[in-house]
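Asker: Prediction below, plus the sequence it came from.
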Amino acid sequence: IDLAKQFRQTEKEERVDIVGDGKQALSQVFEECKVEQTPEVIGRIVADIDQIVKATRFQGWQDTISGKREIQKVLRQTLLKYKLHKETELFEKAYNYIEQYY
């Protein structure tokens, strides 16, 4: 049990380090999924997503269905704002990154 607690604590600490640079990593996700219709305002999109996710998340949100749904909802709303809501690959990659590192 102690080993599991230590592992979980280490995982949380590593997540904090990565989240500090979350915008850069999210920018990379958007660059990889960029299509012709993607607006050239990736920095603003990433900043919006970063801000909304940080305001919406709570400790352990990844372990609850309601937490996952709430984050997916705000991500979809943000993508809709930029008319990127139909880009399923972009949504999935961004959500997977957020789930892992936020």
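Answerer: Here it is on my side, so go on.
Asker: Can you pull out the low-pLDDT segments for the protein?
Answerer: Residue ranges of the chain with pLDDT under 70: 1-22, 34-40.
Asker: rerun that using 90 as the cut-off
Answerer: Residues of the chain meeting the criterion pLDDT under 90: 1-47, 82-85, 87, 100-102.
Asker: Which parts of the chain are strands?
Answerer: With DSSP state E as the criterion, the chain has no strands.
Asker: Helices of that one, residue ranges please.
Answerer: Secondary structure of the chain (DSSP state H): helices located at 2-19, 22-33, 42-56, 65-81, 88-101.
Asker: Report the contact partners of the residue lying closest to Trp61 once chain neighbours are set aside.
Answerer: Nearest residue to Trp61, sequence neighbours excluded (C-beta to C-beta, 6 or more residues apart in numbering): Gly67, at 3.1 Å. C-beta here means a position set from N, CA and C on the backbone, and glycine is covered the same way. Gly67 is in contact with Arg57, Phe58, Gly60, Trp61, counting by C-beta atoms under 8 Å, 6 or more residues apart in numbering.
Asker: mind running it again at 10 Å?
Answerer: By C-beta atoms under 10 Å, 6 or more residues apart in numbering, the residues touching Gly67 are Thr56, Arg57, Phe58, Gln59, Gly60, Trp61, Glu99.
Asker: That one and Gly60, how far apart?
Answerer: Gly67 is 7 Å from Gly60, where distance means C-beta to C-beta, to the nearest Å.
Asker: just Lys68 next, same as before
Answerer: Going from Lys68 to Gly60 by C-beta to C-beta gives 11 Å.
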